[in-house]
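Student: no letters, just coordinates:
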């Protein structure tokens, strides 16, 4: 019998005992009043009832902490906010590392601290909290941006080497997660261990997305508008496959999740890169502030609920 069964069997037994001793007895064909109503304070009965209440509280805490899914249901609103968050990660990451001149390594360290704190708070939470979840997602996109730039430029791996390395790390993370827990479905993320794998995978996917977006726009020569068209088309294809085929939903979900990051990367570059590089030359600070406001409005107004099924 699992932990839940043991808890509730004990709870049911003590509840019956407590009810018997607290509700009176039948003597000589006549029901007597409960001891409490006859002016007595039955210490054993009181203790049993306190034990029952304690077990109830413990059982509910056990269920809440073990079974609560603290990631959102996958809706159209989820994808809208996700793409906005990835765009913010690109613009905000560049604002700190380039516009503020902190460099890729220091910026990565700063964003990593914020990300770790946000994920720790997310794991400690007992239920799905939209503001906390999306704060952790935004933190992952910003650290992914500066980390990818550090790998590509500071370490000298280039777009090809950086993309290959990060893709390998992402696939390894998914494989280890599957081996450790038996599933990479969002609906199975209800333990601290599965949450750690979830956020580790997200970190690699966000970092890969930045490298992949730059690789398509720069190395392959598609430019920002071409990159936007390519990744938008791939996401539309996944949506079509979701609607018309029986391909595994978990596979389609993670494919779409990864592809939103390079889409956000090329959109972010399109917004803040100079005109002679094919961008709009918008202020990174203004773009960051505007995207934060739009995301906040979406989180506040769009329906938010925890995931309830595999995807």
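Tutor: Received, thanks. Please read all numbers here as calculations on a predicted model, not as lab measurements.

Student: now do the contacts for the most centrally placed residue in the chain.
Tutor: In the chain, the residue lying closest to the centroid (C-alpha atoms, centre = their mean) is residue 71, at 5.0 Å. Listed by C-beta atoms under 8 Å, 6 or more residues apart in numbering, the contact partners of residue 71 are 128, 133, 186, 189, 198, 306, 307. Glycine gets a C-beta too; all of them are placed from N, C-alpha and C.

Student: which among these gets closest to residue 121?
Tutor: Among these, residue 133 lies closest to residue 121 (C-beta to C-beta), at 10.0 Å.

Student: that closest one and residue 72, how far apart?
Tutor: 6 Å (C-beta to C-beta, to the nearest Å).

Student: which one of those two has more residues nearby?
Tutor: residue 72 (23 against 20; other C-beta atoms under 10 Å).

Student: quick check: pLDDT value at the closest residue to the more buried one other than its chain neighbours.
Tutor: Take residue 72 and drop its neighbours on the chain: the residue closest to it by C-beta to C-beta, 6 or more residues apart in numbering is residue 78, 5.5 Å away. Turning to residue 78, the model gives it a pLDDT of 96.

Student: quick check: phi and psi on residue 78?
Tutor: phi -60, psi -50 (degrees, to the nearest 10).

Student: quick check: it vs residue 304, distance?
Tutor: Residue 78 is 9 Å from residue 304, where distance means C-beta to C-beta.

Student: and for residue 252?
Tutor: Residue 252 is 22 Å from residue 304, by C-beta to C-beta.

Student: ranges for the strands of the chain?
Tutor: Secondary structure of the chain (DSSP state E): strands located at 26-27, 30-31.

Student: picking that back up, residue 252 and residue 304 - which one has more neighbours?
Tutor: More crowded of residue 252 and residue 304, by other C-beta under 10 Å: residue 304, with 20 against 16.

Student: that one contacts residue 130, correct?
Tutor: Yes. Between residue 304 and residue 130 there is a contact at 4.0 Å, judged by C-beta atoms under 8 Å.

Student: so what sits against both of those two?
Tutor: The contact sets of residue 304 and residue 130 overlap at residue 72 (C-beta under 8 Å, 6+ apart).

Student: any low-confidence regions in the stretch 201-311 of the chain?
Tutor: 309-311 (pLDDT under 70).

Student: out of everything not next to it in sequence, what's closest to residue 283?
Tutor: Using C-beta to C-beta, 6+ apart and skipping residues adjacent in sequence, the residue nearest residue 283 is residue 272, 7.5 Å away.

Student: and if you look at residue 70?
Tutor: Counting by C-beta to C-beta, 6+ apart, residue 70 lies nearest to residue 128, which is 4.7 Å off, once chain neighbours are set aside.
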